[in-house]
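Chemist: requesting a structural model of the entry that follows:
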Amino acid sequence: MEQFQLERVRNIGIIAHIDAGKTTTTERILYYTEKTYKIGEVDEGTAVMDWMKQEQERGITIQAAATMCYWKDHQINIIDTPGHVDFTVEVERSLRVLDGAIVIFDSVAGVEPQSETVWKQSNKYKIPKIAFINKMDKVGTDYFKVVNMIREKLFTNPISLQVPIGKEEEFIGVVDLTTMKALIYKDETGTKWDEVEIPSYLTEISIEKHNELLETLAELDEEFMVKYLETENISPSLIKEVIRKNTINGKVVPVLCGAALRNKGVQPLLDAVVDYLPSPAEVEEVWGKNPENNKLESRLPLESKPFSALIFKVQTDPYMGNLSYFRVYSGKISTGKFVLNSNENKSERLGRIVRMHANMREDLKIVSTGDIAAVVGLKYSTTGDTLCDCNYPIILESIRFPEPVVSVAIEPKTKIDQEKLSLSLNKLANEDPTFKVNVDEESGQTIISGMGELHLEIIIDRLLREFGVGANIGKPQVNYKETITLEAVSDGKFVKQSGGRGQYGHVKLKIEPNQGESGFSFKNRIKGGRIPREFIPSIETGVKEAMESGQLLGYPIVDIIATLVDGSYHEVDSTNLAFRIAGAIAFKKAYEEARPVLLEPIMKLEIILPEQYLGDVIADLNTRRANIVDMEDRMGLKVVTAHTPLSQMFGYATELRSKTQGRVDFTMEFLKYNEVLEKIAKEIIKSTKGL
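Modeler: Residues are numbered from 1 along each chain as shown. Next up is the predicted model:
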C-alpha cells in the first residue's frame, strides 16, 4: 500500500517567462480539480495563488506558492513560481525539491529569455518536463513554430502530442495524437467537451504528426521499434508507456497546447502530468554527507528508511511566525517529534505541520516520503538546511543562490523605526537568500541589496506596509566587485609582545587570478613543517576575511587563487589568531601589487519592438555602453539582444516606453561580471570617494 500510494503522487512546478500564463493555468487546474469553485483571475487580482497585496496590485507572481489537488485518483502537489528574473530564487529553490515541471510558452513569443533561464535551472536538477504552449487564442499564434523554437533554442527533443483545432479566436480544441481523436470544447467554462473523429481538414497533418511521434519513439526504444515495424495499429496505452519512460529519463519533452484564459486544454495537461511525469518513487535516491564521518550516503524514497527532508523556503507569516517549507525524501514523521537539523547539529521539535494552499493552511498529523509541507516555528533552521532522524544524520545537498547586484541605502525615520527596521530586515533576509543587509563601516548607513530594482521595490513596499516601518530610501546603486589581473607574492607577519605569552605568525602568500569566474581557491604548498598543520585553516580564514572588502572601493574580492608557499612559527607564541591576522596582512599586501580592477554586473537585454523604432532604440543603447549581440525578426517584430552594464540601465523602462509610445516589450537578466574599462573605473572611484 505504501508504494502504491507513493506512485500516485506528483510533485510539479509551473515555470515560464513572465506573462506566459503560469498563474492563470494554475488557477484553471485548481478549478477543474475542484480545489476551488470559482476561477481566479490574475488581471482582476482574484487569483488564489497570487495572495500577496503586491502581487494583486501588479498582476505578477512574486513568491512561489504551494498547493495540492487531486486528479484521476492522483495527488498533485503544485508550486506556482514567478516569471520575473528578479525573483529567480523562487524558481531555483522550488525546482530543487520537485520531481517534474510544466514549462509554459506564449504561442506567439515562443522561447523568451526567462524561458531559457528556467529551462537551464530545471536541467541542473535533471527535472523531467512537459511543455504547454499557451494563449492559442492570441493573434499571430503559431504552434509548430514554437515547437521548433523549443528544439533549436533549448537544445531538447520536443514531441508534439497534439494538433490545435483552429487558431486565434477560432481555437476550439485539440487533436490527441496518441488516441487520434479530437477533443472539442462546448462551453465557455471548459467543463464540457466532445470526443469526436478528427475534422477532415486536419486529417492529413494529424496522420503526419502521429507518424512523426511513432518514429521518434521507435528511435528511442528498440522494443517499440519492433512493434512499430510489425504492427499497423499500436495501442495508445503502449505509446503513452514509451513516452512516459523517455520523458522521465530526459530524452523527450511532450508538448501540448491550449488557451488557459479561455479555459481550453487544461484537462489534457492534467492527464499528461499523471501519465508522463514521475512519482517520488521513480526518481533517483538522494545523496548526502554523513556529518559524523563525511562519507556519502543515500536515502531511497521509502517510508521504511530513516527520515530525511530539505527546507527549501522560509516565510514570515503574520499570524504564525516562521513557516519552513520542506520536502520529505525518505521516511515519515509525526507532529510533536524531534528531528535533527544536521547543518547546525541542533534538535528541532515539529510542533505543528501544515499543508499550504497558497496562504491557507491545513493541519497534518504525519508527513511521509514525497510530501511537501511546512512546519511552524523552527528555531535554528533556514533555507537549505536538512532535517533528519536524530539517529541517522545526513546533510543533503543545499541550494546555491546568485549574488545580489543592486543596492540602496535605507535609514529609519525615528528611534522606534530603527528597532523595527532591524527586526524586519532580519526577517526578510531569512525569507530570501538573495536579499542581503549590511552596514557601511565608513558612513554607518544600512545597505540593502537585491536582484534588481523591482526586487528591492517589493522589499521596501513590504517594509512600509506589512511591517509598518517608517524609512527614507536612497537611490539604487550597483553592486561592484573587485579582482586581480596579475600574480603577486607577499609576506605577512604579526608579532605582538605584551608580557607573558605573545603572538607570532608569519605567512608568505602567492595570489593569482582564478580564470573564468571560478571563485576562491586556497592551496597549501608548505613543506618540511615550516608552519604546523593546525594553523593552516586559520590562515585561510584570514585570507577570506581580507577578501570581504577590497581596497579600490571596499567591494568583495572574487575569483582568486591563494597559495600558501612559506612562513615560520614560534613554538610558544604562535596561535591561530596570530596566523589568521598574518594571512590577512599577506593577502592585502599582495593584493596591492596584483593590479586590482573593478568588476561590474553585465545584463542580458532583449527588446521586442516595431521596426519603425529600431534606429532610435539602437542609438540609445550605444550611449549606454551596450554591445548588440543579435538582431532577428519574430512574428513581424524586431528582436534586439544586447549586453549592457547594469549601471546604465536604471530607469530604462520609462525612457524606452517614452521613445516607443509604449509599443515595446523588454526583459533584462543578470549575465556575468566584466572588468570595468580603466577610464570609467577611475570615474566611478572618484565619484564614490567624493574626490
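
Chemist: could I get the contacting residues of residue 530?
Modeler: Residues counted as contacts of residue 530 (C-beta atoms under 8 Å, 6 or more residues apart in numbering) are 566-569. From N, CA and C alone the C-beta is placed, and that goes for glycine too.

Chemist: look up phi and psi at it.
Modeler: Main-chain torsions, residue 530, degrees, to the nearest 10: phi -60, psi -30.

Chemist: on that earlier part again, report the buried members of the contacts of residue 530.
Modeler: Among the contacts of residue 530, those classed as buried by 16 or more other C-beta atoms under 10 Å are 566-567, 569.

Chemist: out of those residues, which are inside strands?
Modeler: 566-567 (DSSP state E).

Chemist: which of the buried ones among the contacts of residue 530 sits closest to residue 445?
Modeler: Nearest to residue 445 among those, counting by C-beta to C-beta, is residue 567 at 38.3 Å.

Chemist: before we move on, the earlier item: okay, the buried ones among the contacts of residue 530 in JSON lines with pLDDT and distance to residue 592 next?
Modeler: Shown next, in JSON lines, are the buried ones among the contacts of residue 530 (pLDDT from 0 to 100; distance: C-beta to C-beta, whole Å):
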{"residue": "566", "pLDDT": "92", "distance to residue 592": "20"}
{"residue": "567", "pLDDT": "93", "distance to residue 592": "20"}
{"residue": "569", "pLDDT": "90", "distance to residue 592": "25"}
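
Chemist: which one of the buried ones among the contacts of residue 530 is nearest residue 615?
Modeler: residue 566 (61.1 Å).

Chemist: which residues does the closest residue in space to the closest one that isn't next to it in sequence bridge with?
Modeler: Excluding its sequence neighbours, the residue lying closest to residue 566 (C-beta to C-beta, 6 or more residues apart in numbering) is residue 508, at 3.8 Å. Beta-bridge pairing for residue 508 (DSSP bridges): residue 491, residue 566.

Chemist: kindly report the same for residue 341.
Modeler: Assigned bridge partners for residue 341, using DSSP bridges, are residue 346, residue 387.

Chemist: surely it and residue 390 touch.
Modeler: No - between residue 341 and residue 390 there is no contact under C-beta atoms under 8 Å: 10.1 Å.

Chemist: give me the common contacts of these two.
Modeler: residue 347.

Chemist: next helix or strand past the lengthiest strand in the chain?
Modeler: Assignment by DSSP E gives strand 596-609 as the longest strand of the chain. Going down the chain from strand 596-609, the next helix or strand is helix 614-623, by DSSP states H and E.

Chemist: that next one packs against which elements?
Modeler: Judged by 3 or more C-beta pairs under 8 Å, 6 or more residues apart in numbering; DSSP states H and E, helix 614-623 is in contact with strand 596-609, strand 637-645, helix 652-659.

Chemist: winner for burial among the ones you listed?
Modeler: strand 596-609 (a mean of 21; mean count of other C-beta atoms under 10 Å).

Chemist: next one: that strand to chain centre, how far?
Modeler: 19 Å (C-alpha atoms, centre = their mean, to the nearest Å).

Chemist: cool, stretch 159-170 as well?
Modeler: 31 Å.

Chemist: ok, back up a step: neighbouring strands of the longest strand of the chain in the sheet, and parallel or not?
Modeler: strand 481-484 (antiparallel), strand 637-645 (antiparallel), strand 665-675 (antiparallel).

Chemist: out of those, nearest to residue 622?
Modeler: strand 637-645 (9.6 Å).

Chemist: now the angle between helix 614-623 and that closest one, please.
Modeler: Orientation check (axes from the mean of the first three to the mean of the last three C-alpha atoms, to 10 degrees): strand 637-645 against helix 614-623 gives 10 degrees.

Chemist: pick out the residue nearest the middle of this structure.
Modeler: For the chain, the residue nearest the mean C-alpha position is residue 92 (2.2 Å; C-alpha atoms, centre = their mean).

Chemist: what's the host helix or strand of it in contact with?
Modeler: Assigned by DSSP H and E, residue 92 belongs to helix 88-96. By C-beta under 8 Å, 6+ apart, the residues outside helix 88-96 that reach it are 13, 15, 62-64, 79, 81-82, 101, 117-118, 121-122, 124-125, 127, 310, 312-313, 383, 399-402, 432-434, 451, 669.

Chemist: let me know the angle separating it from strand 665-675.
Modeler: 90 degrees.

Chemist: and the next element down the chain from helix 88-96?
Modeler: Heading C-terminal from helix 88-96 (DSSP H and E), you reach strand 100-106.

Chemist: which strands and helices sit next to whichever helix or strand comes after that next one?
Modeler: Following strand 100-106 in sequence order, the next helix or strand is helix 113-124 (DSSP H and E). The contact analysis (3+ C-beta pairs under 8 Å, 6+ apart) places helix 113-124 against strand 9-16, helix 88-96, strand 100-106, helix 143-154, strand 665-675.

Chemist: returning to what we had before: could you give the average pLDDT over the helix holding residue 92?
Modeler: The average pLDDT within helix 88-96 is 86.

Chemist: pull out the buried positions in the helix or strand hosting residue 587.
Modeler: Here residue 587 sits within helix 576-593, counting by DSSP H and E. By neighbour count with 16+ other C-beta under 10 Å, helix 576-593 contains the buried residues 578-591.

Chemist: show me which residues of the helix or strand residue 687 falls within are buried.
Modeler: According to DSSP H and E, residue 687 maps onto helix 678-689. For helix 678-689, burial by neighbour count (16+ other C-beta under 10 Å) applies to 681, 684.

Chemist: show me the one of the helices and strands packed on helix 113-124 that comes nearest residue 461.
Modeler: Comparing the helices and strands packed on helix 113-124 under C-beta to C-beta, the one sitting nearest is helix 88-96, at 16.9 Å.

Chemist: which stretches of the stretch 501-650 of the chain have low pLDDT?
Modeler: For the stretch 501-650 of the chain, applying pLDDT under 70 flags the ranges 516-517.

Chemist: ok so, going back, now the contacts of helix 88-96: which count as buried?
Modeler: 13, 15, 62-64, 79, 81-82, 101, 117-118, 121-122, 125, 127, 310, 312-313, 383, 399, 401, 432-434, 451, 669.

Chemist: look at residue 341 and residue 390 and report which has more neighbours.
Modeler: For residue 341 versus residue 390, neighbours defined as other C-beta atoms under 10 Å are more numerous around residue 341 (21 against 14).

Chemist: what residues are up against that one?
Modeler: 347-348, 378, 380-381, 385-387.

Chemist: run the last query once more with 6 Å
Modeler: 348, 380-381, 385 (C-beta atoms under 6 Å, 6 or more residues apart in numbering).

Chemist: next: residue 138.
Modeler: 107-108.

Chemist: kindly provide the distance from it to residue 165.
Modeler: 16 Å (C-beta to C-beta, to the nearest Å).

Chemist: next one: residue 620
Modeler: 44 Å.

Chemist: neighbour count winner among these two?
Modeler: residue 165 (23 against 15).
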